[in-house]
Structure formats: C-alpha cells, structure tokens
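Colleague: can't give you the sequence, but here's the structure:
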C-alpha cells in the first residue's frame, strides 16, 4: 500500500482509490476495512484489480507468497507474446528431447491441435 501511496489506515481513501480503478459496483469503506483486517476476502475480480494497482501478483494477495513456478520459469516465459518470434527452434528441440515419452506425445498433440485450429495442417 505504501508503494501505491495510499494510507492503509484510511479505508475511505483506499475505497476511493480502488473505485477509480474498478469498473464494477463501488466498494464501500466498511468492506475495505474488512479486507484490511482480514475479516473478509475480496472477490477474484477485485483481487485482480488490487494486484494490478499494487503491482503484486494475485497469488501474493491471496496467499502472501509468490508463485515459485513463476520465479523459476525460463526467462522467455515472462516476456510478451511478440518476443516468441525470437525463440530459437534449436532451444525448443533440445527442451523437447529432455521430456519423457508421454510428455513428448502431449506436446506433439498440442502442436497438431493448434495447427488444425489455425488451418495449417
């Protein structure tokens, strides 16, 4: 909350700032107070807005910890979709070879399904 420059001691201020970002029904100061005290949890759509506003993950808001899989992900996994054009096919091939046979089959079936979906097979 400090990073977002909002006084967490004032549910009214938090509600006002939150409602500027949330496009659903406005949230009341008493509801915000319950969130801050841990007496109630926001709905998933509100958690997503809070996470974006506070620059944290929804996972962190829900559980207070980061998603370890996200931290250990290959750097390419964190980049936007446009960067996938730069993925080295050799890297993909090497990673595919590391998988066991059942997982290789799954990857190949997914690729085939996507090609069919795009009308390229």
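Modeller: Yes, it's here. Please read all numbers here as calculations on a predicted model, not as lab measurements.
Colleague: burial measure for residue 118, as a count.
Modeller: Around residue 118 there are 8 other residues, counting by other CB atoms under 10 Å. (Glycine included, C-beta is placed from N, CA and C.)
Colleague: what do you get for residue 51?
Modeller: Residues near residue 51, counting by other CB under 10 Å: 16.
Colleague: tell me which element it falls in.
Modeller: Secondary structure from DSSP states H and E places residue 51 in helix 44-54.
Colleague: show me the domain layout of the chain.
Modeller: 11-68, 73-117 (automatic domain parsing).
Colleague: let me have those in CSV, extended by mean pLDDT.
Modeller: As requested, those are exported to CSV (pLDDT from 0 to 100):
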stretch, mean pLDDT
domain 11-68, 88
domain 73-117, 78
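Colleague: next structured bit after the helix holding residue 51?
Modeller: helix 58-63.
Colleague: most tightly packed of the domains of the chain?
Modeller: For those, the largest average neighbour count (mean count of other CB atoms under 10 Å) is found in domain 11-68, namely a mean of 14.
Colleague: mind checking how far that one is from the chain centre?
Modeller: From the chain centre to the centre of domain 11-68 is a distance of 15 Å (CA atoms, centre = their mean, to the nearest Å).
Colleague: which elements pack onto the helix holding residue 51?
Modeller: Here helix 44-54 touches helix 11-21, helix 58-63, going by 3 or more CB pairs under 8 Å, 6 or more residues apart in numbering; DSSP states H and E.
Colleague: would you reformat those helices as TSV and include distance to residue 36?
Modeller: What follows is the helices and strands packed on helix 44-54, written out as TSV (distance: least, CB to CB, whole Å):
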stretch	distance to residue 36
helix 11-21	6
helix 58-63	12
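Colleague: out of these, nearest to residue 49?
Modeller: Closest approach to residue 49 among those (CB to CB): helix 11-21, 5.4 Å.
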